[in-house]
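Undergrad: Structure for the following, please:
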Amino acid sequence: MDSDGLATFLAVHRLGGITRAAEALFLSQPAVSRRIATLERELRVPLFERVTSGMALSEAGRALLPYAEVVVAGVEDAAAAVEAVRSDAGGPVSLALVGTLAGTRFTSVLRGLARREPRARVHLRTATSTEVSDLVRRAEVTLGLRYSEDPDPQLTCEHLYEERMVLVGPPDALSRRRLRDLGREQWLAFPELPGWPEAAGRPVRQVLDELAVPDDHILRIDSLSAQKRLVEAGFGIALIQESAITEEVRAGTLKILDVAGLNAAVPVTLVTRRGGYLSAAAAALADEIRQTARGT
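TA: Residues are numbered from 1 along each chain as shown. Predicted coordinates:
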């Protein structure tokens, strides 16, 4: 087995087929098929099964997957280490973060990194918490910022701070509410689907349970932006991360409601791959994130 074959195997799995993998790898479809065929010949088992939606992993493919991810991530580490030496610029740094964390606080992080590593090349991606972990584990990014910890032993999670969650209503809502009355309100929240990827939904579920909010008083919306627009229009109230509603509160389109006894927060975590390589720029960015977190 070679790293190119394993990288091709991962691309076919992640993208669901030969055609999309070929486009992503800048290879011809026959070249991708040959790599997969060579890998299957070496292992003496089929790695994929053809299904209606494309190609799915066979049982052997599922067994190979975590080991392929480790090997390919190691190759990415090696390339990053050499690039850091070659470029003499601290090396590239890539970060995936939950979109609501990419606010004013993070702007100061980038300014600090620019002062420390002015030639560093920074690449940013936004994703859900689960997707952040996946990107770090696969070495597609070096650092991750997500809500809550990930128990995956391939990852190292460092608690940074607690993100306060606030109850918000439309601009004309009463500023003060009694905790005991909230169970009768109309709420907006994320759908609770198996494997729902956003960890920030957990404290919302806890509050809804504590208040005994009936299911018919909860409007499930799978978009944070849509939730905010519906709250602005008076369709209900919602418990949202404070960093996610800064602009709306400043513009007066949302109002933070004061409710004595309502305390909710979600931990913010810095994620790295256990044993993964950190360039000088990546280490500097991680330090800037920690310093900013200590000031919250």
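Undergrad: Show the residue spans covered by the helices in the stretch 101-250 of the chain.
TA: Here the stretch 101-250 of the chain has its helices, by DSSP state H, counting those that start in this stretch, at 104-116, 129-137, 201-210, 224-232, 246-251.
Undergrad: Now the third one: average pLDDT?
TA: Right, the one you point to is helix 201-210. For helix 201-210, the mean per-residue pLDDT is 87.
Undergrad: who's in contact with it?
TA: The set of residues external to helix 201-210 that reach it, using C-beta atoms under 8 Å, 6 or more residues apart in numbering, is 148, 165, 187, 189-190, 192, 218, 239, 262, 264-266. In this view, the C-beta of every residue, glycine as well, is placed from N, C-alpha and C.
Undergrad: List the buried residues of that helix.
TA: Buried residues in helix 201-210, defined by neighbour count with 16 or more other C-beta atoms under 10 Å: 201, 203-204, 207-208.
Undergrad: do the same with the shortest one
TA: Judged by neighbour count (16+ other C-beta under 10 Å), helix 246-251 contains these buried residues: E248.
Undergrad: Just checking, which helix or strand succeeds it along the chain?
TA: Counting by DSSP states H and E, the element after helix 246-251 in chain order, helix or strand, is strand 255-256.
Undergrad: That following strand - contacts with which helices or strands?
TA: Packing contacts for strand 255-256, counted by 3 or more C-beta pairs under 8 Å, 6 or more residues apart in numbering; DSSP states H and E, involve strand 155-169.
Undergrad: quick one: low-confidence parts of the stretch 51-200 of the chain?
TA: Residues of the stretch 51-200 of the chain meeting the criterion pLDDT under 70: 80-91, 104, 193-200.
Undergrad: returning to that earlier point: want to throw the contacts of helix 201-210 into TSV with distance to V75 and neighbour count?
TA: Formatted as TSV, these follow (distance: C-beta to C-beta, whole Å; neighbours: other C-beta atoms under 10 Å):
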residue	distance to V75	neighbour count
S148	30	18
M165	40	22
W187	47	24
A189	42	21
F190	37	20
E192	38	13
I218	46	19
L239	43	25
L262	49	18
A264	42	20
A265	39	15
V266	34	22
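Undergrad: Narrow the residues you listed to those in strands?
TA: Counting by DSSP state E, the contacts of helix 201-210 place 165, 187, 189, 218, 239, 265-266 in strands.
Undergrad: D150 and T269, how far apart?
TA: When distance is defined by C-beta to C-beta, to the nearest Å, D150 is 8 Å away from T269.
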